[in-house]
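Novice: Whatever this is, show me its structure:
(2 chains, ligands or ions: 6)
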Protein chains: 2
Amino acid sequence: MGGSKFTAKFKEVYNVLKSELLQDPAFEFTEDSHQWVANMLDYNVPGGKLNRGLSVIDSYDILKDGKELSDDEIILACALGWCIEWLQAYFLVLDDIMDSSHTRRGKQCWFRLPKVNMIAINDGLILRNHIFRILNNHFRGKPYYLDLLDLFNEVEFQTASGQMIDVITTLQGEKDLSKYSLSLHRRIVQYKTAYYSFYLPVACALLMAGEKLENHIEAKNVLVEMGTYFQVQDDFLDCFGDPAVIGKVGTDIEDFKCSWLVVKALERANKDQKQVLYENYGKPNQECIARVKELYKILDIEGAFLEYEKQSHEKITKTIEAHPSEKVQAVLKSFLKKIYKRHK
Amino acid sequence: MGGSKFTAKFKEVYNVLKSELLQDPAFEFTEDSHQWVANMLDYNVPGGKLNRGLSVIDSYDILKDGKELSDDEIILACALGWCIEWLQAYFLVLDDIMDSSHTRRGKQCWFRLPKVNMIAINDGLILRNHIFRILNNHFRGKPYYLDLLDLFNEVEFQTASGQMIDVITTLQGEKDLSKYSLSLHRRIVQYKTAYYSFYLPVACALLMAGEKLENHIEAKNVLVEMGTYFQVQDDFLDCFGDPAVIGKVGTDIEDFKCSWLVVKALERANKDQKQVLYENYGKPNQECIARVKELYKILDIEGAFLEYEKQSHEKITKTIEAHPSEKVQAVLKSFLKKIYKRHK
Ligand SMILES: [Mg+2]
Ligand SMILES: [Mg+2]
Ligand SMILES: [Mg+2]
Ligand SMILES: [Mg+2]
Ligand SMILES: [Mg+2]
Ligand SMILES: [Mg+2]
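Specialist: Numbering: from 1, shown residues only, chains lettered A, B, ... in the order given. Ligands and ions are numbered 1, 2, ... in the order given. Sure thing, here's the model as predicted:
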């Protein structure tokens, strides 16, 4: 995804929100804690691609159908976008601890800084709490305030629940490939990624535009479908992508991840091939990894992916075109265009 | 604190809430994750003294002034009480990781279980999210629902902020006694403990009774004052309490905690005595600990505590008696009675 006409404005709003949070009347900062939060925010919040955050204002702009946005609308849409970026930062800071990761967005993970360490856990909570400070500051009194709170609470719950299935299925000592299936994969992806990355930005824009979310269940389903598709691509690139392009060397095989590729391989494998997977998947050993990759070649998992990609794209397009509102169609299509056939 | 006539009913409601959470339509559990959450809840939520939780229904009962509570009211008040217990569990699970603690409520800390480890971080998030699932389930549609959400969000933010000052002041490598003062102590205690332990239960009861919280600022201030007093006792017992009675051996001195005792000692110490504190406070060494305790004796910190206790009790009583509502007075007095001159 990339390229929004609102990027500059969006980045400006970060500084406004940050300085509001650092003057929050609900807490009396000490000098040290003031400095700590300022650094922690700069380190963790604004360094990503900002796709999710920008999607709110981009979607809202489409929903307004050519009418120019007022300064107030721009700020509100940007604030909601930043809430999603804050949510993402909160999950990433904590996920990196759980995954013992080393780098994130080209820097050391926050918890790896010697001064930070396990304080990163509390920083995660602070990030999470900031979302509700921002919402309270800017949206209390709006007719959709309650719906916003419920939306963020529900999506946060779903994301944490998806993360839970992810971490307990890759649990050390209980590695069990027989539990891996398309249905488990779909569940992890849908809850851990799709709701907050795809549904949440559009839902925010719809609420700002005065819509009720219960009238947009089809949009939600299509967005979750796109999120699933996005993650299948991610799984594919982890193994078949060019490390120079995607910016990292994939580790899903050795990490025993419930990746779409292994699920598909299990589906296509005969008894002997299954045996190969059981013996080699999830081991941090170059030979084992190579044997899994070799099997993926034999089973033509790349072909399976290309077929999935084509079918999923067709299905999504059809559903979008059946949507009664042209503006919502336009929002959904702009999302699809951003992710289809990406290479990174 | 202890002894509520609602204890049995309160414990029953735990099982109701737990089973509702395990059937939450916002998430499709796998068999493993269903089991995981059930175990995680039983391990972390109901094992405490339940004082905070029971305070909601006890306070509400007083506010109803003799009128018998309906079944519905009992369930709602218990549900709010459990939300506070869930909030506490969430903070304790994560605090134990940050403090590298070993035991909690007579059992191994949750994250110490080999199977759990850093998954405990996500479990903390799940606990936190459950609060808003419970509120959504039982209170959406009530006239005070929005106030409840804002209350829990604000108090959670304040607790996490207090925890932040606590962890950054005890930061390894930056131990600096010159930063310790009554004002810093008051801030840590007020934010980290008093709001959620003292103000939150009463605020929940007030909302259920149809009150607006902005009309109860004095009650809030008194409760925060009681919470501070409670924590000063806690600091006192950490050093002077009987380990057989309080159930643990205090470690505030070696942990370099911003305890009321060290703050008071710094206030009373001459230059040489200050030097003793600077050289011995915060070192995990029996001799250093003994030297600090000896200095506390010389400076009669115990006497200072008894004086503080007396004055604080008088001041709190006076403020309570000046309160315009007799029912609110009764709620506040019942709190004070529970904590005054406790020995554990
Ligand atoms: Mg990770
Ligand atoms: Mg992870
Ligand atoms: Mg991946
Ligand atoms: Mg602790
Ligand atoms: Mg602690
Ligand atoms: Mg203590």
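
Novice: which ones are touching residue A:47?
Specialist: A:105, A:106, A:107 (C-beta atoms under 8 Å, 6 or more residues apart in numbering or on different chains). Any C-beta I mention is one placed from the backbone N, CA and C, and that applies to glycine too.

Novice: check which helix or strand covers it.
Specialist: In this assignment (DSSP states H and E), residue A:47 forms part of neither any helix nor any strand.

Novice: quick one: it and residue A:85, what's the gap?
Specialist: 10 Å (C-beta to C-beta, to the nearest Å).

Novice: Residue A:331 too?
Specialist: Applying C-beta to C-beta to residue A:331 and residue A:85 gives a distance of 19 Å.

Novice: hang on, the earlier thing: which among the contacts of residue A:47 gets closest to residue A:28?
Specialist: Checking the contacts of residue A:47 against residue A:28 by C-beta to C-beta gives residue A:107 as the nearest, at 30.8 Å.

Novice: Phi first, then psi, for that closest one.
Specialist: Note on residue A:107: backbone dihedrals following degrees, to the nearest 10 are phi -130, psi 170.

Novice: What residues are recorded as beta-bridge partners of it?
Specialist: Residues in a beta bridge with residue A:107, per DSSP bridges, are residue A:104.

Novice: Just give me the neighbour total for it.
Specialist: 12 (other C-beta atoms under 10 Å in any protein chain shown).

Novice: likewise residue A:89?
Specialist: 27.

Novice: Could you check the helix or strand hosting it against ligand 3 for contacts?
Specialist: Assigned by DSSP H and E, residue A:89 belongs to helix A:71-98. No. Using C-beta under 5 Å from the ion, helix A:71-98 never reaches ligand 3; the gap is at least 11.7 Å.

Novice: Quick one: mean pLDDT for that helix?
Specialist: Mean pLDDT, helix A:71-98: 97.

Novice: where does chain A come near ligand 1, residue by residue?
Specialist: So chain A meets ligand 1 at A:95, A:99 (C-beta under 5 Å from the ion).

Novice: Within range of ligand 2, give me the residues from the stretch 51-200 of chain A.
Specialist: With the criterion set to C-beta under 5 Å from the ion, the stretch 51-200 of chain A comes near ligand 2 through A:95, A:99.

Novice: redo that, cut-off 6 Å
Specialist: Within the stretch 51-200 of chain A, the positions near ligand 2 by C-beta under 6 Å from the ion are A:95, A:98, A:99, A:166.

Novice: among those residues, which ones are buried?
Specialist: Using 16 or more other C-beta atoms under 10 Å in any protein chain shown as the burial test, those include A:95, A:98, A:166 as buried.

Novice: Tell me, how many residues neighbour residue A:338?
Specialist: So residue A:338, with other C-beta under 10 Å, has 16 neighbours.

Novice: on that earlier part again, in JSON lines, list the buried ones among the residues of the stretch 51-200 of chain A next to ligand 2 along with distance to residue B:246.
Specialist: Below are these laid out as JSON lines (distance: C-beta to C-beta, whole Å):
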{"residue": "A:95", "distance to residue B:246": "38"}
{"residue": "A:98", "distance to residue B:246": "34"}
{"residue": "A:166", "distance to residue B:246": "40"}
